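Give me coordinates for this.
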Amino acid sequence: MVLFGVFMALIGQNPLEVYRLIWRGAFASGFAWQNTLSRAAPLILTALCVALPAQAGLMVIASEGALVLGGLAAAILGHSMGGMNPLVVKLAMALGGMAIGGLWVALVGALRQYRGVNETISSLLFIYIAVALFNHMVEGPLRDPASLNKPSTHPIGEANMLGALPGFDVHWGLAFGIVFCVIVYVLVKHTTWGFALRVVGGNPRAAQLAGLPVSRLVVTACFLGGAASGLAGMVEVGAVHGTANASLIAGYGYTGILVAFIARQNPIAIIPVSVLLGGIAASGGMLQRRLDLPDATVLVLQGMAFLTILAAETLFGRLKAFRSNE
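Below you'll find the model as predicted:
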């Protein structure tokens, strides 16, 4: 926050006024909270895509690719099953998005375990492949002829939209994200599967010598993480856009990496951190209207936060190593 304030001062803005407007745009009214929580929902799910494989010691950043492919799968199912019971269609959209997202990220884990491919590099490349595949399908064989200026798939129909939570103006994606976080927390912290996964993350060699199915645990963790991100894509299609188009590539997967780092891979801590970063993202419009700052100014704040966390982690690690050598 201090670095961002210095940056704002250097470009001629009052840092205190900037922070005040960020607060107003994120949390100062019911509408601001609605916007914040709607943006937090996909962040919760994409952060889990990073946090779950991290329990096994992997740095997987494929959440953006899993999100767009999960959203594409949900859009296809929503349109093709349009005449069926809406509840069945929504369930199929959710399961389809989770399956595609899960398989996409599970492939990253499989390449790591069976071919020795670095998971960070492969997951980054998988994002480009997923986005290219998404654009090809949306602009080509799956394009709705009625979408002129913005290529999109056929709409899923009003009946198949998720709608809002009872008594709130926030869509069901927020509830899905919170429930998913609780389930993951219980799995990781209170089951033998989670204990085995954490053993793998702590010492893969020792886990293998102890007879644990290391590769299966890693691939399963990647699948579950990808399923969470695929569900985020389904939520964006089913609750926000009603179709799959370029608006789905909004960077939620990348921001989810930052959320997971700030939350230190803790599934429960991911929830408030997602709300915080969702609020920062929601305040971009306020900064643009009041101070004539670019809407992407909030991305500068997020980037500075990410760099600060990385620097702190590196410094802490070096200090710890220095003290142990004394």
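
drop to CA atoms for contacts and neighbour counts, all remaining ones
Noted.

any weak-confidence spans in this protein?
Applying pLDDT under 70 to the chain flags residues 1, 317-326.

which element is the most centrally placed residue in it on?
Nearest to the mean C-alpha position of the chain, counting by CA atoms, centre = their mean, stands residue 46 at 1.8 Å. Residue 46 belongs to helix 30-55 when elements are defined using DSSP states H and E.

How far does the helix or strand that comes right after that helix sit from its chain's centre?
On the C-terminal side of helix 30-55, the closest following helix or strand by DSSP H and E is helix 63-80. Helix 63-80 sits 14 Å away from the centroid of its parent chain (CA atoms, centre = their mean, to the nearest Å).

Helix 63-80 - contacts with which helices or strands?
Judged by 3 or more CA pairs under 8 Å, 6 or more residues apart in numbering; DSSP states H and E, the packing partners of helix 63-80 are helix 30-55, helix 86-115, helix 119-139, helix 214-235, helix 252-262.

Of those helices, which stretch is the most buried?
helix 214-235 (a mean of 30; mean count of other CA atoms under 10 Å).

Could I get the buried residue list for stretch 258-278?
For stretch 258-278, the neighbour count (16 or more other CA atoms under 10 Å) marks 258-263, 265-271, 273-278 as buried.

Can you give the distance of the helix holding residue 46 from its chain's centre?
Taking CA atoms, centre = their mean, one finds helix 30-55 lying 6 Å from the centre of the chain it belongs to.

and it with helix 252-262, angle?
70 degrees (axes from the mean of the first three to the mean of the last three CA atoms, to 10 degrees).

What helices and strands are in contact with helix 30-55?
helix 15-27, helix 63-80, helix 173-190, helix 192-202, helix 214-235, helix 252-262, helix 270-282.

Among the ones you listed, which comes closest to residue 290?
Between residue 290 and these, the shortest gap by CA to CA is with helix 15-27, which sits at 8.2 Å.

buried sites along that closest one?
15, 18-19, 21-27.

Please apply the same query to stretch 149-157.
So stretch 149-157, judged by 16+ other CA under 10 Å, has buried residues 151-157.

Next one: the residue nearest to residue 59 when sequence neighbours are not counted from residue 109, what distance?
Of all residues not flanking residue 59 in the chain, residue 120 sits nearest, at 5.6 Å (CA to CA, 6 or more residues apart in numbering). Using CA to CA, to the nearest Å, residue 120 is found at 10 Å from residue 109.

same thing with residue 222?
Separation of residue 222 from residue 109 (CA to CA) stands at 6 Å.

What number of residues are in the vicinity of residue 59?
18 (other CA atoms under 10 Å).

Over to it: give its phi and psi.
As for residue 59, its main-chain torsions (degrees, to the nearest 10) stand at phi -110, psi 90.

So it sits against residue 119, correct?
Yes. In this structure, residue 59 is within contact of residue 119 by CA atoms under 8 Å, at 6.5 Å.

any idea how far residue 172 lies from residue 41?
From residue 172 to residue 41 the distance is 9 Å (CA to CA).

ignore the last one, residue 165
Applying CA to CA, the value for residue 165 to residue 41 is 13 Å.

Same question for residue 292.
To residue 41, residue 292 is 28 Å away according to CA to CA.

re earlier: can you lay out the helices and strands packed on helix 63-80 as a markdown table showing distance to residue 75?
Output for those, formatted as a markdown table (distance: least, CA to CA, whole Å):
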| stretch | distance to residue 75 |
| --- | --- |
| helix 30-55 | 16 |
| helix 86-115 | 7 |
| helix 119-139 | 10 |
| helix 214-235 | 8 |
| helix 252-262 | 18 |
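
so who does the residue lying closest to residue 74 once chain neighbours are set aside touch?
Of all residues not flanking residue 74 in the chain, residue 93 sits nearest, at 4.4 Å (CA to CA, 6+ apart). Residues in contact with residue 93, defined by CA atoms under 8 Å, 6 or more residues apart in numbering, are 73-75, 77-78, 234.

Residue 62 too?
Counted by CA under 8 Å, 6+ apart, residue 62 has contacts 49-50, 105, 123-124, 126-127, 226, 253.

hmm, 7 Å instead?
By CA atoms under 7 Å, 6 or more residues apart in numbering, the contact set of residue 62 is 105, 123-124, 126-127.

Tell me the one of these nearest residue 145?
Once CA to CA is applied, the member of the contacts of residue 62 that ends up nearest residue 145 is residue 127, at 27.0 Å.

wait, doesn't the closest one sit right on residue 64?
Yes. The pair residue 127 / residue 64 is scored as a contact, 6.2 Å apart, by CA atoms under 7 Å.

and the gap between residue 52 and residue 103?
Taken as CA to CA, the span from residue 52 to residue 103 is 15 Å.

same question, residue 263
Applying CA to CA to residue 263 and residue 103 gives a distance of 25 Å.

Equivalent analysis for residue 214, please.
Applying CA to CA, the value for residue 214 to residue 103 is 18 Å.

now do residue 12
Distance from residue 12 to residue 103, by CA to CA: 48 Å.

I am finished for the moment; much appreciated.
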